[in-house]
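Enquirer: Sequence plus predicted model, see below.
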Protein chains: 2
Amino acid sequence: MTMIKNITNVRGIKCWGAHTGVKSMRRDLAIIYSEVPAAAAAVFTQNKVRAEPVEISERNINTNHRAQVIVCNAGNANACTGEQGRLGAEAMMKVTAEMLNIPEEDVIIASTGLIGEPFPTEDVVNGIRNNIHKLSDEAKAGSFVANAILTTDTFAKEGFVGFEHDGIQINMGGIAKGSGMIHPNMATMLAFVVTDLNIENKLLDKTLRYCVDRSFNMITVDGDTSTNDMVAIMANGMADNTKIKSESDPGYIIFREKLLELLTHLAKLIVSDGEGASKFIEYKVTKARTEETARKLVRAISDSTLVKTAMFGRDPNWGRIVAACGNAGINFNYRKVNLFLGDQEKMVQVLEKGKPLDFDKNYIKKLLRESQIRVHLEVNNGKESGMGWGSDLTTDYVLFNSVYTT
Amino acid sequence: MTMIKNITNVRGIKCWGAHTGVKSMRRDLAIIYSEVPAAAAAVFTQNKVRAEPVEISERNINTNHRAQVIVCNAGNANACTGEQGRLGAEAMMKVTAEMLNIPEEDVIIASTGLIGEPFPTEDVVNGIRNNIHKLSDEAKAGSFVANAILTTDTFAKEGFVGFEHDGIQINMGGIAKGSGMIHPNMATMLAFVVTDLNIENKLLDKTLRYCVDRSFNMITVDGDTSTNDMVAIMANGMADNTKIKSESDPGYIIFREKLLELLTHLAKLIVSDGEGASKFIEYKVTKARTEETARKLVRAISDSTLVKTAMFGRDPNWGRIVAACGNAGINFNYRKVNLFLGDQEKMVQVLEKGKPLDFDKNYIKKLLRESQIRVHLEVNNGKESGMGWGSDLTTDYVLFNSVYTT
């Protein structure tokens, strides 16, 4: 029997996922706790309408770039809830700090679920009170938290990577929820990562932003950003390696690489769970002038409604891809580009320096029938590249998203 | 019998719409000619991938802000066609200038249709040669051109406004094509306006941009901008009014108002012809700090996939509208806003200062069943407002747009 590792395999991490009653049947409260205070960093939604827990967690992280616990409820987003919601979020933070006997500013809170419904403060606060003594490092506790943050997700999203540094095994685990974007107002994307690496907190913050830009910020289901999005990491240093303080540290590059690997894995799981989507599409832009422009092109293509419907229809419609690039807000010369379309196995070139090739439309249509397909654009303007992942736009997506709120 | 006026009712305007063979059955070549050189202005697509006629027409307009003829072919966009297309566009311009014995820089050309197909230069050039002597000011000639610029449009889009200035009747007529966005690569939006007003060309340019920003730039079907979009106006001065040279001229305000009225009329016709759309939605944002922010909010809401699917589903999903505003790229405080939803007759308030009201969901769902619905957001942050028009996102839209290119 192969052991599948999860966040409980990170030194000093205990967790629990409980049912408090906000959701009717499923677990709806997740607590991830580190035995010692950890360096912490987080990125938050860019939406100007921000949920109450986002305000509190950002303030707490900015106080000392440290945290010891992440508490997340599911079923209610605590967004657009006004004073009642603000007080509820504060109560959630205070009871956690009190029960664990840690400073309030070492608590990160998060919420996901319906927008604009009064926050069920009593259920959540009682849930924390009644479950905090259950915090555990058993493997099943890891599964419980991964499930307790879900809303309309159809499966729990977990990942684990290990690597060696300083002759020490470093462990890093994470959980996420998507972005089914299916149920009204439940579009929140959350990810929580823990590691026992010893790293300076400012550098941790920089690394998290670098990796989020290349993973979660490169996925798209429908281009909307929710009021509650959050990616947080705690690094508690219990691996006891010499503290990583600079980007030139030999351990730093491998940490960044592994964190990017973990976040990309979680991001791709979120796209895979886009209900109403029939295809998982990998976008690659290469030979661009800068990495930034490559990523802008990936996002412009993967966000285009016309490209996404073409992918649903297995249509090698290069004109829409080129037109989407023209709207990317960067200099773009279609006369230089090569374009390739295909499935996981095989790709076919459809454009050579902007000119359509005489490709076999039936063959390529057959490739695009696969559930995992690839789009590769060579800009031929430099050496940099970018990748992203998205879904197609289907009739099912529209049906799911058009149902009544209640 | 009521006479319906069209562009042929503008003094000095002659036109013709012909069939050259690029499209199998329908008229596919439009020529709009002024007996005397006219002040001219145009706005072009913001897409970085621009069709060949866009390049030529922009160059010609910039030479002397004057034009005497607009020639447009339908069925082939002359975009992504390389050298062959560039030569074809030049031939189109040259033969027109030669046949009419006018300078090349007084010719505006436009194309709409499939992207990336070789340009049918011979058909178009012969079409111009064989039809230019048919230029006519009969009413039917106006209908012919309105039809000759269509692609997947299901009806011709025309408008006419008259007003008095200097004791003289001023005539202004226009035609447009949309944005069915249905057929692959046929998303081009074109509009051509002619008037006999006498107005200075720089002021004409400024007025056109002002009006396009508030009409064509405020409609959305799927958020994509085509390679060929163009709005052009010729003002030939044959009404013989004293030339309007300044914004403080008494005739200026009425001209701008009437031009905006005409362009808004054409823009709304384009949205109405969004095949695969089931609803026409009017968005109004009021009490905003600036007109610019009001328009940004209108665009953010009307472009949101989640809002558009909710409208299809008759769902008073205010959370999605507020979240879309949060993504508009401006400062936005949801705690101040009032939101109203309804049909043409009746609106219901659903948010008061950001708080959901206890509205009757079944009643509002009934209102949203209408084919013309309204969304009205009060920002309560100032005195400015903006309007826009869009369609919903339907399962039919996805089906139409997913069909194979050929």
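Expert: That came through fine. Numbering: from 1, shown residues only, chains lettered A, B, ... in the order given.
Enquirer: For the lengthiest helix in chain A, buried residues please.
Expert: For chain A, the longest helix by residue count, based on DSSP state H, is helix A:250-272. For helix A:250-272, the neighbour count (16 or more other CB atoms under 10 Å in any protein chain shown) marks A:251-252, A:255-256, A:258-272 as buried. In this view, the C-beta of every residue, glycine as well, is placed from N, C-alpha and C.
Enquirer: With stretch A:136-154 instead?
Expert: By neighbour count with 16+ other CB under 10 Å, stretch A:136-154 contains the buried residues A:137, A:141-153.
Enquirer: with these in mind, which one is nearest to residue B:289?
Expert: Set against residue B:289, the nearest of the buried residues of stretch A:136-154 by CB to CB is residue A:151 (34.7 Å).
Enquirer: What does the residue sitting furthest away from the middle of chain A show for phi and psi?
Expert: Residue farthest from the centre of chain A, counting by CA atoms, centre = their mean, is residue A:358 at 39.4 Å. Main-chain torsions, residue A:358, degrees, to the nearest 10: phi -90, psi 70.
Enquirer: Give the closest residue to residue A:131 in space, chain neighbours not counted.
Expert: Beyond its immediate neighbours in the sequence, the residue positioned closest to residue A:131 (CB to CB, 6 or more residues apart in numbering or on different chains) is residue A:18, lying 4.1 Å away.
Enquirer: Now that neighbour. Its backbone dihedrals?
Expert: Main-chain torsions, residue A:18, degrees, to the nearest 10: phi -130, psi 170.
Enquirer: was I right about it contacting residue A:144?
Expert: Yes - with contact defined as CB atoms under 8 Å, residue A:18 and residue A:144 form a contacting pair (7.5 Å).
Enquirer: Please identify every residue contacting each of these two.
Expert: Counting by CB atoms under 8 Å, 6 or more residues apart in numbering or on different chains, the residues touching both residue A:18 and residue A:144 are residue A:27.
Enquirer: Identify the residues contacting residue A:220.
Expert: A:299, A:302, A:303, A:388, A:389, A:390, A:391.
Enquirer: Tabulate these in JSON lines, adding columns for secondary structure.
Expert: Output for the contacts of residue A:220, formatted as JSON lines (DSSP: H, G, I helix; E, B strand; the rest coil):
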{"residue": "A:299", "secondary structure": "helix"}
{"residue": "A:302", "secondary structure": "helix"}
{"residue": "A:303", "secondary structure": "helix"}
{"residue": "A:388", "secondary structure": "strand"}
{"residue": "A:389", "secondary structure": "strand"}
{"residue": "A:390", "secondary structure": "strand"}
{"residue": "A:391", "secondary structure": "strand"}
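Enquirer: could you dump those residues to a markdown table with neighbour count?
Expert: Shown next, in a markdown table, are these (neighbours: other CB atoms under 10 Å in any protein chain shown):
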| residue | neighbour count |
| --- | --- |
| A:299 | 23 |
| A:302 | 25 |
| A:303 | 20 |
| A:388 | 26 |
| A:389 | 21 |
| A:390 | 29 |
| A:391 | 28 |
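Enquirer: Go through the residues you listed and say which is closest to residue B:227.
Expert: Closest approach between the contacts of residue A:220 and residue B:227, by CB to CB: residue A:303, at 17.9 Å.
Enquirer: Endpoint to endpoint, stretch A:18-26 covers what distance?
Expert: 8 Å (CA to CA, to the nearest Å).
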